[in-house]
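Asker: Coordinates only, no sequence provided:
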């Protein structure tokens with residue numbers, strides 16, 4: 001009877017998957033709104049690769065869509081390698097530059113293609129771009145997107161050699177010589193005024209562009225930079241972002257905690273701090289500039305009027321760094337009786353300096369403030385130059401709770417200075433922050449208290465990039481791995497720690513939990529090429545790895561030694577073994593299943609496990625069954641394990 005039930009569930013699972021992924025019944029109902037919603041609903045429950053329906057339209061909005069004779073500029077946001085894992089990032093910087101350009105040059109046809117939001121692959125992106133000729137194509141990107149941006153640029157130049165390609169954003173500013181291998185010009189640092197002046201010079205046919213400040217280009221075969229441009233002092237002088245050139249209705253970005261569509265908004269640009277993992281000190285030179293509260297309020301009212309969106313996410317690095325700005329903005333929101341909700345980013349000590357401000361923020365619609373705790377290890381905070389005490393996070397947690405706000409937080413794994421038991425301590429802090437609150441899936445990657453966070457990444461332009469080779473192992477096989485959803489750096493502090501198991505046997509729940517974690521961390525990719533067979537093999541590899549790791553976690557070998565042993569034992573390449581060893585340590589340490597044999601040895605550890613949702617469990621069972629692993633033989637008896 002039980003076997004029959006399993007077969008029925010397996011059949012239903014495959015049937016639903018076929019519907020959701022564009023086969024089976026979707027061939028009948030095609031690209032209808034119902035089919036689209038069915039697929040989206042399915043994807044929320046099952047982390048499978050997203051597949052575009054055949055007639056899903058690719059959206060490219062233009063200021064003058066019917067006028068092909070105008071001078072035309074196209075801005076592109078390219079996808080991320082982990083696109084389906086990542087939230088849809090509205091290209092705020094592009095929207096600002098596009099808005100400034102069309103304000104100063106209303107006769108120019110300005111357009112935006114957001115390939116990241118639409119999960120476009122390379123072929124779809126290029127095909128859409130070359131449907132018409134553009135005078136200028138501008139691409140903004142991070143290091144992880146550099147190869148995609150380069151390939152798109154070369155494709156555009158191949159089809160339309162006279163089209164001028166301009167790169168901008170963090171990575172082109174950090175590495176303009178690399179960008180100029182495929183671009184004609186690079187806009188450095190802040191782009192609004194620089195891009196406008198570059199377009200103005202190009203339209204005028206100016207032969208010598210050295211008069212345009214803040215750009216880089218090739219001159220006599222060498223990278224030439226013009227005079228640096230100063231930052232915009234009056235942010236109120238900028239027009240509001242060109243939201244109308246973006247498919248706002250398709251972003252589906254729920255506000256943390258309460259859900260509902262949100263839009264990003266900024267009150268300031270820049271950050272005065274020097275965190276080693278952040279490129280802000282390079283990009284903004286540790287300077288901060290502010291808009292007026294009145295200007296921010298006017299933008300909010302415009303968004304509410306035009307799009308009916310009443311939820312906002314402040315992307316400022318430190319929202320309450322200037323408390324008088326926040327106080328005045330809250331007073332204006334209350335005076336105007338705006339029915340809005342919003343969150344922001346900040347540091348713990350800023351909130352703690354002005355706890356009375358939090359109640360006013362709550363009254364003005366604030367839901368909570370997101371704090372970058374990064375780590376609960378004091379040594380780690382010193383290594384990454386966070387200049388913040390761990391206790392500040394606890395105080396900020398209390399202050400937000402007392403004000404009626406929801407404490408939000410971000411954290412990173414694999415920072416320099418981290419240890420195995422430190423992950424257990426960090427999980428206890430995050431549990432404390434979460435205690436008494438509903439578990440919101442659109443804020444957490446799992447439907448239970450297991451914390452993924454981001455992975456520490458040595459980005460070009462950061463101090464960590466310079467220091468990483470001396471602080472640990474840099475695991476960069478491909479440019480696309482330099483991204484905070486990829487494990488591309490593991491610190492010596494963790495590699496030299498020694499994991500010791502706290503239980504003698506794993507049960508089925510531990511296996512399901514671990515396999516869901518590895519799937520979420522590693523195998524939900526943008527490229528949409530993960531076939532069922534590939535996913536089955538990868539989960540099978542994870543299952544084998546967990547067995548081999550747990551059997552050897554006796555408190556005798558370091559994480560580094562385990563990675564070497566497991567690479568040889570399982571025939572994995574070394575980088576793959578290091579990633580899996582580090583990640584397995586991270587997950588099992590949070591669960592209290594392994595602890596450090598060297599540090600915090602007097603700390604009481606309480607092992608735990610969670611029940612994963614039935615649909616995800618059956619999906620794992622269905623895939624592993626292809627590899628001959630069933631629920632009956634999934635659990636390994638480690639008393640018989642050869643070691």
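Answerer: In hand now; what should we look at? Quick caveat: nothing in here was measured; it's all calculated off a predicted structure.
Asker: All the strands of the stretch 351-500 of the chain, in order from the start?
Answerer: Using DSSP state E, counting those that start in this stretch, the strands found in the stretch 351-500 of the chain span residues 366-374, 408-413, 454-455, 472-474, 489-491, 499-501.
Asker: Kindly report the same for the stretch 201-350 of the chain.
Answerer: Taking DSSP E, counting those that start in this stretch as the criterion, the stretch 201-350 of the chain carries its strands at 215-219, 222-225, 262-265, 268-269, 289-290, 311-314, 341-346.
Asker: any chance of these in JSON lines, plus mean neighbour count?
Answerer: Where you see a C-beta, it was placed from the backbone N, CA and C, and this is true even at glycine. What follows is those, written out as JSON lines (neighbours: other Cβ atoms under 10 Å):
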{"stretch": "strand 215-219", "mean neighbour count": "19"}
{"stretch": "strand 222-225", "mean neighbour count": "14"}
{"stretch": "strand 262-265", "mean neighbour count": "20"}
{"stretch": "strand 268-269", "mean neighbour count": "20"}
{"stretch": "strand 289-290", "mean neighbour count": "16"}
{"stretch": "strand 311-314", "mean neighbour count": "22"}
{"stretch": "strand 341-346", "mean neighbour count": "22"}
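Asker: These: which one's closest to residue 450?
Answerer: Closest to residue 450 of those is strand 341-346 (Cβ to Cβ; 22.7 Å).
Asker: Identify whichever of the strands of the stretch 351-500 of the chain lies nearest to residue 144.
Answerer: When the strands of the stretch 351-500 of the chain are compared for distance to residue 144 using Cβ to Cβ, the nearest one is strand 454-455, at 12.1 Å.
Asker: Between the strands of the stretch 201-350 of the chain, which one is closest to residue 498.
Answerer: Taking Cβ to Cβ as the criterion, residue 498 comes closest to strand 341-346 out of the strands of the stretch 201-350 of the chain, the separation being 36.3 Å.
Asker: Name the surrounding residues that touch that closest one.
Answerer: The list of residues contacting strand 341-346 from outside it, by Cβ atoms under 8 Å, 6 or more residues apart in numbering, reads 255-258, 260, 265, 310-321, 365-372, 408.
Asker: Buried members of the residues you listed into ChimeraX, please.
Answerer: One line in ChimeraX is enough to select the buried members of the contacts of strand 341-346, burial here meaning 16 or more other Cβ atoms under 10 Å:
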select :255,256,257,265,310,311,312,313,314,315,316,317,318,319,320,321,365,366,367,368,369,370,371,372,408
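Asker: what are the ranges of the strands in the stretch 1-150 of the chain?
Answerer: Under the criterion DSSP E, counting those that start in this stretch, the stretch 1-150 of the chain carries strands at the ranges 61-62, 72-77, 109-114, 136-140.
Asker: Would you enumerate the residues in contact with residue 110?
Answerer: Under the criterion of Cβ under 8 Å, 6+ apart, the contact partners of residue 110 comprise 62-63, 72-73, 75, 98, 101-102, 242, 245.
Asker: picking up where we left off before, could I get the strands of the stretch 201-350 of the chain as a markdown table with mean pLDDT and distance to residue 325?
Answerer: Putting the strands of the stretch 201-350 of the chain into a markdown table (pLDDT from 0 to 100; distance: least, Cβ to Cβ, whole Å) gives the following:
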| stretch | mean pLDDT | distance to residue 325 |
| --- | --- | --- |
| strand 215-219 | 95 | 32 |
| strand 222-225 | 94 | 34 |
| strand 262-265 | 93 | 13 |
| strand 268-269 | 97 | 8 |
| strand 289-290 | 98 | 6 |
| strand 311-314 | 95 | 11 |
| strand 341-346 | 95 | 11 |
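Asker: can you put the ones you listed in TSV and add distance to residue 379?
Answerer: Converted to TSV, the strands of the stretch 201-350 of the chain look like this (distance: least, Cβ to Cβ, whole Å):
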stretch	distance to residue 379
strand 215-219	39
strand 222-225	39
strand 262-265	34
strand 268-269	31
strand 289-290	34
strand 311-314	31
strand 341-346	23
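Asker: Ok, which of those strands comes nearest residue 171?
Answerer: For the strands of the stretch 201-350 of the chain, the distance to residue 171 is smallest for strand 215-219, at 12.8 Å, taking Cβ to Cβ.
Asker: Packing partners of that closest one?
Answerer: Using 3 or more Cβ pairs under 8 Å, 6 or more residues apart in numbering; DSSP states H and E as the contact criterion, the secondary-structure elements in contact with strand 215-219 are helix 176-179, strand 185-187, strand 222-225.
Asker: Would you give the sheet partners of the shortest one, along with the direction of each?
Answerer: It stands for strand 185-187. Using DSSP bridges, the strands paired with strand 185-187 are strand 164-168 (parallel), strand 215-219 (antiparallel).
Asker: where does the stretch 451-600 of the chain have low pLDDT?
Answerer: The stretch 451-600 of the chain contains residues with pLDDT under 70 at 524-530.
Asker: got the residue ranges for the helices in it?
Answerer: If you assign secondary structure with DSSP state H, counting those that start in this stretch, the helices in the stretch 451-600 of the chain sit at 463-471, 492-495, 508-522, 532-552, 559-570, 574-590.
Asker: Of those helices, which is nearest residue 130?
Answerer: Nearest to residue 130, of the helices of the stretch 451-600 of the chain and by Cβ to Cβ, is helix 532-552 at 31.0 Å.
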